[in-house]
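Enquirer: need the 3D shape of this:
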Amino acid sequence: MHESLSRAPAERFRATKGSNLDRLRAHNLSAILTRLHRDGPNSRSNLAAATGLNRSTVTILVNELIERGLAVESTAAQTGAKKAVGRPSVDVAVSDRVFAIAVSPEIDAITVSVVGLGGRIRRVIRYDTGSTGTMRESVAIVALVIEGILSMLPSDARVVGVGVAVPGLTNDRDGSVTLAPHLGWRGEPLAAELGAAVGLPIWTANDAHLGLLAETNFGSGSHVGSVVYVYGGAGRIGGGIISGGHPVKGANGYAGELGHFRIRSGGSRDSAGLQGTLESEVSRDALVESAGLDRRDYQRLDEVLAEKRTPAAQQEIDRQIEALGTALGTMVTIFNPDLIVLGGFLGSLLDAEPERLRGMIARETLAPQFSAVRIIRPTLGEEITLIGAAELAFEELLSDPTTLDLSTIDQGPDAAEPEGDPA
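Expert: This is a model prediction of the structure:
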């Protein structure tokens, strides 16, 4: 690199081969398809304004996406008392023939979902395992579910790959699981094993990072430069950070393990064996039990906490709010975010005592930093992790739409929706 920079300008220009028009075309196709994927149906004129391309160029690009089967034209619905005079507006939308499969392994279940372009979840299959299985046991289950899914999709559909949301640390290079203490997995070749079993490209990433990816692509963080996302699930807390519009990944891609953020000396140990962390002090099971619910009935947590609480439940809420507020206050001091998004049961804590939580965070940080912070629940709800996992599988196609051409596939009578339930 230093050698090339030291060359004379004329020599460097002679070494340049010129513009690769195919690469430029792929880049522009990517800009259009990505815009349709994230923002939904749009007109050619709006696409031109959003991408900075002229209208004729956008028309050529849209036509190629349509010919490839990656986009379709749809007549925009006319609403209101007065309808527009003349020809109806024709929008461009993503194809309903392109899918990704999202996988989320948990302590007692594995969730597999079919997700279409545009981030729309078409089907969710939850396979209850009852307990944590080995990586290979999980691969066997996922492979069977995916086999059923593929048999039910329309004949002209295309699955671009599988994204796996791992509750732990993953290796970006080979898709292996470095450490998932929650599942008891360490050094597991997940992508290689699952790819061999299902015959599809496999991508893996930390589940909280993927939740953040989904929320910034489709949800409340889509136009926010700095976001802290913290997710609370069964026995664990994960997180992810966007700073200046870019994800904070760290040296090895392992940054954002906010559940292991230490907030006190002593105390119990978390899933990784660390003491006094946010994950060890703030627990869904403890909150559910204090509210008089069975652990498997955690979906009712919002409903129960909105009612009159028992002294035991209020005491546990207060304890966890204090611990969560302490951790979030320090995160605000370090990252100075515009937005904090609390997913899973942490969102239930927010709704239970919003002012108390904000007061705790304010107490633990500097006033100028805290004054502009919004604290919300994810707009994507419980589907957030699955949508994020699908984004992994869509990334290659969105980066270069020329990698896929559906025009050579025979179209069946009904390509709009997966049929049947493979579970």
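
Enquirer: from here on, contacts and neighbour counts on C-alpha atoms
Expert: Will do.

Enquirer: I'd like the distance between residue 327 and residue 199.
Expert: In this structure, residue 327 and residue 199 are separated by 43 Å, where distance is defined by C-alpha to C-alpha, to the nearest Å.

Enquirer: try residue 56
Expert: When C-alpha to C-alpha is the yardstick, residue 56 and residue 199 sit 40 Å from each other.

Enquirer: same question for residue 301.
Expert: As judged by C-alpha to C-alpha, residue 301 and residue 199 stand 40 Å apart.

Enquirer: what of residue 357?
Expert: According to C-alpha to C-alpha, residue 357 and residue 199 sit 47 Å apart.

Enquirer: between these two, which is the more surrounded one?
Expert: residue 357 (25 against 10; other C-alpha atoms under 10 Å).

Enquirer: host element of residue 72?
Expert: Remark: residue 72 resides in strand 71-75, with elements defined by DSSP states H and E.

Enquirer: for the helix or strand just after that strand, buried residues please.
Expert: Helices and strands here follow DSSP H and E; after strand 71-75, the next one along the chain is strand 90-94. Of the residues in strand 90-94, 91, 92, 93, 94 count as buried by neighbour count, 16 or more other C-alpha atoms under 10 Å.

Enquirer: got the contact list for strand 90-94?
Expert: Where contact means C-alpha atoms under 8 Å, 6 or more residues apart in numbering, the residues beyond strand 90-94 that reach it are 33, 36-37, 40-44, 62, 70-76, 117-118.

Enquirer: could you rerun that using 10 Å?
Expert: Taking C-alpha atoms under 10 Å, 6 or more residues apart in numbering as the criterion, the residues outside strand 90-94 that touch it are 32-47, 62-63, 65-66, 69-77, 116-118.

Enquirer: the helix or strand harbouring residue 164 - what's its average pLDDT?
Expert: Secondary structure from DSSP H and E places residue 164 in strand 158-166. For strand 158-166, mean pLDDT rounds to 97.

Enquirer: please apply the same query to stretch 242-251.
Expert: The average pLDDT within stretch 242-251 is 90.

Enquirer: which residues does that stretch contact?
Expert: 209, 212-213, 216, 221-229, 240-241, 253-256, 335-339.

Enquirer: try it again at 7 Å.
Expert: Contact partners of stretch 242-251, identified using C-alpha atoms under 7 Å, 6 or more residues apart in numbering, comprise 225, 226, 227, 228, 241, 255.

Enquirer: now swap in stretch 305-321 and tell me
Expert: For stretch 305-321, using C-alpha under 7 Å, 6+ apart, the contacting residues are 281, 282, 287, 290, 291, 349, 352, 357.

Enquirer: next one: stretch 365-377
Expert: 329-330, 332-333, 336-343, 347, 362.

Enquirer: out of the residues you listed, list just those in strands.
Expert: Cross-referencing the contacts of stretch 365-377 against strands under DSSP state E gives 339, 340, 341, 342, 343.

Enquirer: what is the helix or strand harbouring residue 37 packed up against?
Expert: Secondary structure here is read from DSSP H and E; on that basis residue 37 sits in helix 21-39. Applying 3 or more C-alpha pairs under 7 Å, 6 or more residues apart in numbering; DSSP states H and E, we find helix 21-39 packed against strand 90-94, helix 384-399.

Enquirer: kind regards, and thank you for your time.
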